[in-house]
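In: Here is a sequence with its predicted model. Questions after.
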Amino acid sequence: MNEIVSLSQSAFSKSRTIHDNFMYVRNTARQHHRNKTSALLIKLVIAKAVDTVRWDYMLDLMQCLDFAQRSRALMMTLFPMASSHVILNRIPGKDILHGRDLRQG
C-alpha cells in the first residue's frame, strides 16, 4: 500500500498517522518560507458518510431512548445553527450553514 498511496495520505497505511499529515504540511510550508518562494496552501475537509446524520433520525433515536421532549426540542433548535466558515489571512468569511450534518468534537 505504501507504494500506491501518496506520502501526503495517511489512510490505508498502518505505518502512518494523522500527525504525519501535519508534519508534511509544516515541512512543506517551512521549505517554501526558507526558499522565499510564493505558495498558497489550502486546507480542504471532505465530508464522509460517517460525518453526516439525518436530523429526523437523531430525534427519533432520542425519543426511543426516552429523552425528554424539552431535550429533543433543544436539539432541534441547535441542529440548524451549525455552521462553518473559511478563514483567509485570519479573517473569517461568511458563515456556511450545514445542510444536515453534525460536527464532531
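Out: Thanks, I have the structure now.

In: Identify each buried residue in the helix of greatest length in the chain, please.
Out: What stands out as the longest helix in the chain, according to DSSP state H, is helix 18-35. Across helix 18-35, burial judged by 16 or more other Cβ atoms under 10 Å covers Tyr24. All C-beta spots, glycine's among them, are computed from the backbone N, C-alpha and C.

In: which element follows it toward the C-terminus?
Out: Once helix 18-35 ends, the next helix or strand along the chain (criterion: DSSP states H and E) is helix 55-64.

In: If you count contacts, what does the helix or strand following that following helix end up packed against?
Out: Proceeding N to C from helix 55-64, the next assigned helix or strand is helix 69-78, under DSSP H and E. Under the contact definition 3 or more Cβ pairs under 8 Å, 6 or more residues apart in numbering; DSSP states H and E, helix 69-78 sits against helix 55-64.

In: rewinding a little: any idea of the mean pLDDT in the longest helix of the chain?
Out: For helix 18-35, mean pLDDT rounds to 88.

In: And for stretch 91-105?
Out: Per-residue scores along stretch 91-105 average to 65.

In: same deal with stretch 64-84?
Out: For stretch 64-84, the mean per-residue pLDDT is 80.

In: Pull up the distance across it, start to finish.
Out: 30 Å (Cα to Cα, to the nearest Å).

In: and that stretch, how far out from the chain's middle?
Out: Offset of stretch 64-84 from its chain centre (Cα atoms, centre = their mean, to the nearest Å): 21 Å.
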